[in-house]
Structure formats: structure tokens, C-alpha cells
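[1] Need coordinates for the following:
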Amino acid sequence: MPSPFRRLPAVLFLLFTLVVAACTGGGSTSIPPEATGAIASVLTGTPAPSDAPSAAPSAATFPLAVTDDEGAAVEIATRPTKIVSLTPAVTETLFAIGAGDRVVATDDSSDFPKEAAPLPDVATFSSVDVEKIVNLDADLVIAGGHGFSPAESIAKLRALKIPVLVLYAGSVDGVYHDIELVGTAVGNGPEATTVTAGMRPQIDAISAAAKGSGAPPRVDYEVGYTEGTGQIYVAGDKSFLAEMVTLAGGTPIVGDPVTYEIPLETLIERDPQVIILGVNPFYSPTPAQVAKRAGWSVMTAVKDGQIRPVRDIEITRPGPRLAIGLRNLTAAIWPDLALPSGP
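    Numbering: from 1, shown residues only. As a prediction, the model looks like this:
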């Protein structure tokens with residue numbers, strides 16, 4: 001949208017061909033590789049699909065057919081025993097619902113839980129090794145939609161009669177839906193429902209506390225900045241990340257719904273009161289670096305010193321740790337707010 005964060009509705013995969021120069025000092029644009037939700041769609045340059053309503057699944061009987069987030073009917077003949085996950089959010093979901101022992105490979109950004117890290121990598125950002133997946137005799141592949149997993153790789157796998165479930169959550173409700181959809185597809189529907197049932201009250205309680213804390217500040221959640229050109233990337237309009245800022249008690253300053261880009265002139269005009277820097281291993285600007293950017297000194301957040309970094313992996317990764325992400329984001333926007341107990 002965003003995953004990561006590149007978290008948390010449309011992310012520029014095809015349009016955003018600067019896809020992610022790794023950055024250690026805030027000088028180059030970065031969209032976190034774990035982002036599969038809103039932030040991932042920015043990279044694709046395609047709008048987010050509408051999220052299907054979440055329904056409590058029961059234990060699945062195979063064979064079964066499910067409909068993925070791109071509207072494809074996916075036939076799954078038997079309970080999958082060799083599952084390949086192509087996004088970090090899916091990997092986390094599979095382990096959280098008790099199917100981690102059946103995951104045989106992941107993408108190279110799947111780093112949580114620790115048991116996932118040693119698994120073979122069959123995908124990098126926007127590339128998939130179809131031959132490796134075939135050699136693993138995979139009986140289900142779960143991919144990221146809207147370009148996170150290349151469409152041609154998905155087509156090749158399906159042509160080889162390997163079922164591929166494509167996920168893309170454009171909202172928090174979409175995250176709940178996708179966790180439960182994964183549960184149904186792998187035969188762990190009740191366990192998936194337990195996970196979402198635990199997430200909902202946590203997220204609701206954090207959001208309620210944030211919304212009761214005062215007038216929502218204007219928040220610029222920065223996901224990328226290109227030194228030299230001065231290109232700025234923030235939460236896209238109607239994106240997953242923008243929703244997260246709203247849930248955290250802020251008024252998101254949004255960029256283009258497809259590219260997430262916002263002109264400096266527009267950002268100055270909207271005058272953020274708080275600037276949140278979504279930092280991760282690929283993007284780590286400091287408040288001091290931001291304050292020194294040309295033209296930024298006129299903004300209220302810069303003048304008042306309200307520039308705050310936050311770890312954005314859980315914020316932009318649409319999976320079971322989303323409540324942790326919302327807690328971190330809320331604490332960054334409202335540093336003096338006492339939040340309800342939780343993860």
C-alpha cells in the first residue's frame with residue numbers, strides 16, 4: 001500500500017520503473033518489497049479491485065473452487081501439502097493459520113516468522129522462477145496481484161496445471177478477507193477465522209483510542225523520495241495506506257491514486273502538521289535530512305520538528321501483524337497517547 005510498504009490501492013509496478021533503489025540515507029525512492037496491498041498497487045499502475053465481503057469459512061472439503069482477488073476461479077483438487085508463497089504477507093498468513101509446515105518455498109523478502117527465512121527463495125520483487133516451483137512439485141501457489149507477481153509467470157504456472165491464487169488487499173477489510181481466503185484454500189478455514197477474529201478488536205480499539213484523542217492532524221506518510229529530482233511519494237488517494245493513517249487518527253495527505261506521487265507545491269499547500277517517514281531496510285531517511293530538503297522549511301511539520309520515523313513493515317504488509325502496524329503508526333502520530341494493551 002504500498003507493500004514491503006514500494007504496505008500498504010494502486011502501486012506503480014509497471015509505471016514505477018524506478019522500482020526501488022535501495023537506500024540507506026533517504027536519497028533515493030524506495031517502495032518496500034514486503035508491500036502487497038495498497039503500496040504494491042502503486043507499483044502496478046492499476047486500480048485496486050473492490051474487496052469481497054469477508055465470510056467466516058468452515059473446514060474445507062476438497063476438491064474445492066475459490067475465487068481470487070482478480071476474479072479468477074481457482075480449482076484446488078486436494079488439501080495442499082506443498083505450498084509456495086510469493087509474498088511476505090502470504091507467508092506470514094500461512095504460518096499464522098498453522099499451515100507453515102506445508103510451505104516449501106517463498107519469495108526473498110519473506111522474513112517472518114523466523115521459520116520462514118531458511119526456506120528456498122523462488123521469487124524476487126516482480127520475478128518468479130517457474131522452473132524451481134515446478135521442480136518442487138508445488139500443489140498450490142499463492143501470488144501477489146497487480147504486478148507484484150508477474151502475470152506471465154502466473155499464466156505459465158496455470159498452463160502447467162498448478163493452481164495459483166492471486167491476492168491483493170486494497171483495504172483493511174480486504175486483509176481480513178484474504179487471510180480467510182488463504183485459510184479456505186489450504187484447508188485451515190477455522191484457524192484463519194480465529195486469526196481475523198483476534199485482529200479485528202485490536203484494530204478497532206486502537207482506532208477508537210486514536211479518534212478520541214483530538215482533532216486529526218494533517219499527516220504526510222512518506223514512502224519514497226528521490227534526491228535530485230525531488231519526487232515525493234506518499235499514501236495514494238483511496239489507498240490501503242491512506243486508510244491506515246485515517247484509522248490511526250490522522251488526516252492523510254494523499255498523492256496520485258496510481259503513482260502515489262505528490263508535487264512539492266501541493267504538499268506545501270496542504271501543509272502537513274506531522275510527517276511520518278516509513279522506514280525499512282530499503283529506505284531510511286532521517287528527520288534531519290528531511291528538514292534540509294529544498295523548499296520544505298515552510299511546512300508546519302518541519303517548523304515544529306514533527307518529523308517522525310516509524311518502522312513500516314507491519315504497517316504496509318497486509319497480514320496478521322496489521323494490528324502491530326496500526327499501533328506503531330498511531331504511536332508515531334500521537335506520541336503521548338496511551339493505547340489499549342495489545343501486541
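
[2] Secondary structure element holding the closest residue in space to S110 that isn't next to it in sequence?
    Take S110 and drop its neighbours on the chain: the residue closest to it by Cβ to Cβ, 6 or more residues apart in numbering is T91, 3.9 Å away. Every C-beta, even on glycine, is put in place using the N, C-alpha and C of the backbone. Taking DSSP states H and E as the criterion, the element that holds T91 is helix 88-96.

[3] so where do the strands sit in the stretch 1-150 of the chain?
    Assigned by DSSP state E, counting those that start in this stretch, the strands in the stretch 1-150 of the chain fall at 11-12, 42-43, 64-67, 73-76, 83-85, 103-107, 121-124, 127-128, 140-144.

[4] dump the residue contacts of T93.
    By Cβ atoms under 8 Å, 6 or more residues apart in numbering, the contact set of T93 is D178, I179, V182, A192, V195, G319, P320.

[5] try 6 Å this time
    I179, V182, G319, P320 (Cβ atoms under 6 Å, 6 or more residues apart in numbering).

[6] any idea of the pLDDT on the residue nearest to S110?
    pLDDT recorded at T91 is 98.

[7] can you give me how far the host helix or strand of G278 is from the chain middle?
    Using DSSP H and E, G278 sits in strand 274-279. Taking the mean of its C-alpha atoms, strand 274-279 sits 16 Å from the chain's own mean (Cα atoms, centre = their mean, to the nearest Å).

[8] Not counting its own residues, what contacts it?
    By Cβ under 6 Å, 6+ apart, strand 274-279 touches 5, 217, 219-223, 285, 301, 306-310, 312, 332-333.

[9] so where is the protein shaky, pLDDT-wise?
    1-59, 343 (pLDDT under 70).

[10] re earlier: what's the neighbour count on the residue nearest to S110?
    Using other Cβ atoms under 10 Å, T91 is surrounded by 31 other residues.

[11] Go ahead and confirm it touches V84.
    No - if you go by Cβ atoms under 6 Å, T91 and V84 don't touch, sitting 9.9 Å apart.

[12] List the buried residues of the helix holding T91.
    Of the residues in helix 88-96, P88, A89, V90, T91, E92, T93, L94, F95, A96 count as buried by neighbour count, 16 or more other Cβ atoms under 10 Å.

[13] Just give me the closest of these to L157.
    Nearest to L157, judged by Cβ to Cβ, of the buried residues of helix 88-96 is V90 at 14.8 Å.

[14] contacting residues around the closest one?
    I142.

[15] Now intersect the contacts of strand 274-279 with the strands, please.
    Among those, DSSP state E puts V219, D220, Y221, E222, V223, I307, R308, P309, V310 in strands.
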